[in-house]
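Q: What follows is a predicted structure for the sequence shown.
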Amino acid sequence: MATLGDLSRLVYSTEQGRICPGCGQPVAGCICKQAKPAPKTDGIVRVAYETKGRKGKGVTVIRGVALDADALAQLGKQLKSGCGSGGTTKDGVIEIQGDHRDFVIPALQKQGMVVKRSGG
């Protein structure tokens, strides 16, 4: 059910054109899509295999990569295509469907990252 707050949100202005729903600025001057700084990490990339909360389906989870969002998405795309599998990149974490730790760890080490296998 839509509330009054949802209905009053501005999406277009004749003076400014389309309005970004995230920040309320014109799309040309949107500030919410700007590159955010890389998250601070301890310098160690951790690669794990998790099934919890995924109805038994396992995914390879890569955490601790000190890259900004765009570079992290590009790295995720490279790893997913190298594994021949799907996945996602969100909240500073790369998830690749299936158990691909044996491929991912050497691939990240080739790029000069310090990698540890975490979990079981």
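A: All right, it came through fine.
Q: Ala48 in helix, strand or coil?
A: Here Ala48 is recorded as strand under DSSP: H, G, I helix; E, B strand; the rest coil.
Q: Specify the beta-bridge partners of it.
A: Here Ala48 sits in beta bridges with Val61, as judged by DSSP bridges.
Q: Next up, the contacts around it.
A: 60-61, 63, 101, 117-119 (CB atoms under 8 Å, 6 or more residues apart in numbering). All C-beta spots, glycine's among them, are computed from the backbone N, C-alpha and C.
Q: Torsion angles phi and psi at Arg63?
A: Dihedral pair for Arg63: phi -120, psi 150, per degrees, to the nearest 10.
Q: which non-adjacent residue is nearest it?
A: Arg46 (5.0 Å; CB to CB, 6 or more residues apart in numbering).
Q: of all the contacts of Ala48, which two lie farthest apart?
A: Using CB to CB, the pair of these lying farthest apart is Arg63 and Arg101, separated by 12.9 Å.
Q: Which PyMOL command selects the buried ones in the contacts of Ala48?
A: Buried residues among the contacts of Ala48 (16 or more other CB atoms under 10 Å), as a PyMOL selection:
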select buried, resi 60+61+63+101+118
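Q: Any idea which of the contacts of Ala48 the model trusts least?
A: Least confident by pLDDT among the contacts of Ala48: that is Gly119, with 81.
Q: Now tell me which helix or strand of this structure has the poorest mean pLDDT.
A: The weakest-scoring helix or strand in the chain, judged by mean pLDDT, DSSP states H and E, is helix 4-7 (a mean of 49).
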